[in-house]
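>>> Quick one, what's the 3D model for this:
(2 chains, ligands or ions: 2)
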Amino acid sequence: MDTLALIDTTHPLYSNFDALGVPNTKTEQYKNFPIKPILAREYSYNTESNLTPNAGTNLVMHNGMLLEYPEEIDIKFNEEFHTDKEHFDSLYFMSHMLSTTVITLKVHKDCSFEIQHTLCEQDSLTAYRIALEVDENIHVEVFESFQTDKSSQAFTLYGLDVHVSNNSTLRWIRNENRADKETEVVGSHKFNVAKQATLVLHSFDFGSASSLHLYKIDLAQYASCNASHLLLSDKDARRGNVVHINHNEAHAKSTQEARSILKDNATGIFDAKILVAHDAKYASASQNSKAILLDEHAHMYAKPQLEIYTDELEASHGSTIGTLDEDALFYLLSRGISMQESRKMLVSAFANTLIDNIPNQEYATKIHKEFENSL
Amino acid sequence: MIDIKNIHVDIGEKSILKGVDLSLEKGKVHVLMGTNGSGKSTLTKAIVGHYDTTVTKGEIFYNNKNIVELSPEQRALEGIFLSFQNPIEIAGVNNAYFLRTALNAKERFDGKKETNAASFLRLMKKHVSQLGMHQDMLIRSLNDGFSGGEKKRNEILQMEVLQPDLILLDEIDSGLDIDALKAVADGINRMRDGERTFLIITHYRRILDYVTPDYVHILQDGQIVKSGGFELVDILESQGYQAIQKDI
Ligand SMILES: Nc1ncnc2c1ncn2[C@@H]1O[C@H](COP(=O)(O)OP(=O)(O)OP(=O)(O)O)[C@@H](O)[C@H]1O
Ligand SMILES: [Mg+2]
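Ligands and ions are numbered 1, 2, ... in the order given. As a prediction, the model looks like this:
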C-alpha cells in the first residue's frame, strides 16, 4: 500500500493533517525535496513493536522497534502526549497517525544518552515517535545517530516531541551520516522551550542519502535556542533542514548558523524562519547560512527569513553561496600541497567551527572523523 | 637556475609584462626594484603560476625546463617558493598542520621519508624561536589575525621548513620593525648557502644592509631596463628612478 492509503480518516488528528493537505512540490517546505514519489511508493507497513525492551545505557530503535532504553530514564509507551496542533507540517500529523510505537521519556536529573536508529528493512515504511520531557533545572545531552545498512526503498517517518522545562538546558546532537540509496528519512519535530530554558541543537548531515528534518521550536520568556547545521552531501542527495523558530514571549533569544558543502548533483536545503510575535519584545534573533558548491551541478536552497511583528529587537540575517576561496586555494597549492588535499583542507576549515562547538570531545572527535571520511 | 625569456604576461585584458628578459644566476642574491605598479609582483606570480596571470608569449626555464605549463603545486615541489607581498589569512586551517602537510608533500616528492609529528614539533620549536615568533603562532589558524610583521615572519618560517631552491621574496621587508627585519634577514642568510637562488623585491635599501646582494635589476613598465650591482641601489636612494640610465 502507499502511505496515504494507510491513514485512518477517523483519527482525531486527521482534520489537522487534512487542513494542511498532502504535501507536494508546491508546499513551501518540500519544494526541493521529492516527497510525492516517496509517499506514492508501495511499502510494507512495519507495525511490529516490542513491549519488553532491555534496560541499558542508550535508546536503541531497530526498524521502529525499541530494543534498549537508558535505565536512568523513566519510560512509558503509547501514553497520550501533547501534540502541537499549530505545527506547520502536515507530515508531523501524519507521523503521529501512523506511528505504531510512541515512546515517552521523562528525564528527572542531569544525564547524557544516545538514541541509535537502525533502519535496515527493504521496501518498508516505518513510523514512530519519541517524546522527551526534561524536568526543571537540569542539563541533558542527547546524541542521535543513524544506521541504514542494506535497506533500500525504505521510508522512515519519525519525529520528536520535546519539552524543556523552566531553567533547563537540552543539548541535542543529531549525527546523520548516511550514504544509502533510496532510503529516505523524514523527521518532523516539535521542541518546546519553557521559561529561561535553553535548547542547543547541532545537526550534522553527511553523505548521499536523502533526508529532511522539519523543526518547530517555540520559545517562552527568556528562553533561548542556539541551532547549528552542518551539511556535507554528494551524488544525488537532497537533504537538509526546515526550521521554524517562534519567539512567543519577551526576551527570547535565538541564533541559527548553517554551513553547507555540496558536491556532484546534491541539493542542500536550509529553509529557516524566525518569527517574532507582537508580544515577544526585546528579542534577539540572528540567522546565517553559508554554502560552498564544489561542483557545477551542486545546488543550495537557502532561505533564511525573519518575520517580525515587534519593533523592539535585535535581529540580523545573511546568506552566501559561493565556491572555495581562490586565493586561499592558491596559497596552499603554492606550498606544494596537492589540489585534492588543498580543497580538503579548506572545506574542513569551513566546517570545523561547527564541529568544535560540541563540548563533548568524544562526540566532536567522532564527527570530525566522519566528516573527513565523507569528504 | 632560472632563465626568463621575453615573457609577456596579461592580467585579465591588461598587458602587464611586455617582454621581460631576466637570468638569475644559481646561488646568488638578486634584487628587483621598480616603481609601484611596474610589474614586480606580476613577475613573481607568473613564475609560480598564479591564476591571475596569463603568459601570452615567452618562456620561463627553471633548471633548463620550461615551467610555463606546470601547475603551481608542481612548481612548488620542484623547489620554487614565493613569499607573498600580502599573505592571505585562512581561518580554520591550523598553521602547524599546514606546514607539516606541505613538508610531507615535498618529502614524498623528493622520495624522502616523511617527518613524523614528534620530530616536526622539535623542528618547529627551533625555527619559531630562531625567528623570534610566539610559540602560539603554530597552534593558531594560518595567518589569521596575524599582524603584518607576524605574517612576514610566518612566510620566512615556511621558507625555512620547505628548504626551496629558488626563493622569491616580494617586499618581505615592508612593515617590519627593526627586530623583525633582523630576524627575517637572519632567516634569509641562514638559507644562503651558495646553492639557493634569491630574488628579493624591495623598495628600500634597509634590508640590503643585512643581506648583501650580488645583482640588482630594475623593472620599469613591464620590462627590465637595467641590471648591475649594489651601486644601482645607491643611485636610486639618492636620486630616484629618473636617474637610471636605461639599458634598453
Ligand atoms: N588582479 C588584477 N587586476 C587588474 N589589474 C591588476 C591586477 N593585479 C595587478 N594589476 C595591475 O598590474 C600592474 C602591476 O602590478 P604589480 O602588483 O605587479 O606591481 P608592483 O610592481 O608589484 O607594484 P608595488 O610596488 O606597488 O607592489 C598594476 O598596474 C596593477 O594595478
Ligand atoms: Mg608588488
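>>> ok but residue A:195 is inside a helix, no?
No. In this structure, residue A:195 is coil, not part of a helix, as judged by DSSP: H, G, I helix; E, B strand; the rest coil.
>>> So it sits against residue A:221, correct?
Yes. In terms of Cβ atoms under 8 Å, residue A:195 counts as a neighbour of residue A:221; the distance is 5.1 Å. To be clear about C-beta, it is placed using only N, CA and C from the backbone, and glycine gets the same treatment.
>>> Identify the contacts common to the two.
Common neighbours of residue A:195 and residue A:221 (criterion: Cβ atoms under 8 Å, 6 or more residues apart in numbering or on different chains): residue A:249.
>>> what about the strands in the stretch 151-300 of chain A?
Defined through DSSP state E, counting those that start in this stretch, the strands belonging to the stretch 151-300 of chain A, from first to last, are A:154-164, A:169-177, A:183-193, A:198-206, A:210-219, A:224-233, A:238-247, A:253-262, A:267-276, A:283-293, A:299-308.
>>> Can you tell me which residue of chain B sits closest to ligand 2?
Sorted by distance to ligand 2 under Cβ to the ion, the residues of chain B start with residue B:41, at 3.2 Å.
>>> In chain B, where is pLDDT below threshold?
Low-confidence segments of chain B, defined by pLDDT under 70, span residues B:248.
>>> how about the residues of it near ligand 2?
Applying Cβ under 5 Å from the ion, we find that chain B lies next to ligand 2 at B:40, B:41, B:85.
>>> related to what we said a few turns ago, just checking, the residue of chain B closest to ligand 2 touches residue B:169?
No. Using Cβ under 8 Å, residue B:41 is not in contact with residue B:169; the gap is 11.4 Å.
>>> Looking at those two now, which is surrounded by more residues?
A count of neighbours by other Cβ atoms under 10 Å in any protein chain shown puts residue B:169 above the other of residue B:41 and residue B:169, at 28 against 21.
>>> Angles on the backbone of that one, please.
Its backbone dihedrals place residue B:169 at phi -120, psi 100, with angles given as degrees, to the nearest 10.
>>> wait, it sits on residue B:196?
No. Taking contacts as Cβ under 8 Å, residue B:169 lies outside contact range of residue B:196: 11.7 Å.
>>> Can you list the low-confidence ranges for chain A?
Counting by pLDDT under 70, the ranges of chain A that qualify are A:1, A:150-151.
>>> can you pull up the bridge partners for the residue of the stretch 151-300 of chain A found nearest chain B?
Ranked by Cβ to the nearest Cβ, the top residue of the stretch 151-300 of chain A for proximity to chain B is residue A:259, at 10.8 Å. Beta-bridge pairing of residue A:259 under DSSP bridges involves residue A:230, residue A:290.
>>> wait, what's in contact with it?
The contact partners of residue A:259, by Cβ under 8 Å, 6+ apart, come to A:228, A:229, A:230, A:231, A:289, A:290, A:291, A:350, A:351, A:354.
>>> For the third one, grab the count of nearby residues.
As a burial measure, the neighbour count of residue A:230 was computed by other Cβ under 10 Å and equals 24.
>>> distance of it from ligand 1?
Counting by Cβ to the nearest ligand atom, to the nearest Å, the separation of residue A:230 from ligand 1 is 33 Å.
>>> do the first one as well
Between residue A:228 and ligand 1 the computed distance is 35 Å (Cβ to the nearest ligand atom).
>>> That residue against residue A:243, yeah?
No. Because the distance of 10.8 Å does not satisfy Cβ under 8 Å, residue A:228 is recorded as not touching residue A:243.
>>> More neighbours: which of these two?
Between residue A:228 and residue A:243, counted using other Cβ under 10 Å, residue A:243 has the larger neighbour count: 28 against 20.
>>> Tell me what that one is bridged to.
With DSSP bridges as the rule, residue A:243 is bridged to residue A:215, residue A:272.
>>> which residues touch it?
Going by Cβ under 8 Å, 6+ apart, residue A:243 touches A:214, A:215, A:217, A:227, A:229, A:256, A:270, A:271, A:272, A:273.
>>> repeat that with 7 Å
Counting by Cβ atoms under 7 Å, 6 or more residues apart in numbering or on different chains, residue A:243 makes contact with A:215, A:217, A:227, A:256, A:272.
>>> what does residue A:92 give?
Applying Cβ under 7 Å, 6+ apart to residue A:92 gives the contacts A:159, A:188.
>>> what's the spacing between it and residue A:282?
Residue A:92 sits 30 Å away from residue A:282, going by Cβ to Cβ, to the nearest Å.
>>> How about the closest residue to chain A within chain B, nearest residue that isn't a chain neighbour?
The minimum distance from chain B to chain A, using Cβ to the nearest Cβ, falls at residue B:92 (2.8 Å). If you skip the residues right next to it in sequence, residue B:92 has residue A:349 as its closest partner in space, 2.8 Å away by Cβ to Cβ, 6 or more residues apart in numbering or on different chains.
>>> Give me the distance from whatever helix or strand that neighbour lives in to the chain's centre.
For residue A:349, the enclosing helix or strand under DSSP states H and E is helix A:339-356. From the chain centre to the centre of helix A:339-356 is a distance of 23 Å (Cα atoms, centre = their mean, to the nearest Å).
>>> who touches that helix?
Where contact means Cβ under 7 Å, 6+ apart, the residues beyond helix A:339-356 that reach it are A:228, A:230, A:257, A:259, A:261, A:292, A:324-325, A:328-329, A:332-333, A:364, A:367-368, A:371, A:375, B:73, B:90-93, B:101.
>>> among those, which are in strands?
When those are checked against strands (DSSP state E), the matches are A:228, A:230, A:257, A:259, A:261, A:292, B:90, B:91, B:92, B:93.
>>> If you rank the residues you listed by neighbours, which is first?
residue A:261 (27 neighbours).
>>> Can you name the residues of chain B sitting close to chain A?
Among all residues of chain B, those adjacent to chain A (criterion: Cβ under 7 Å from any Cβ of the partner chain) are B:48, B:50-51, B:72-73, B:76-77, B:82, B:88, B:90-93, B:101-102, B:105-106, B:158, B:162.
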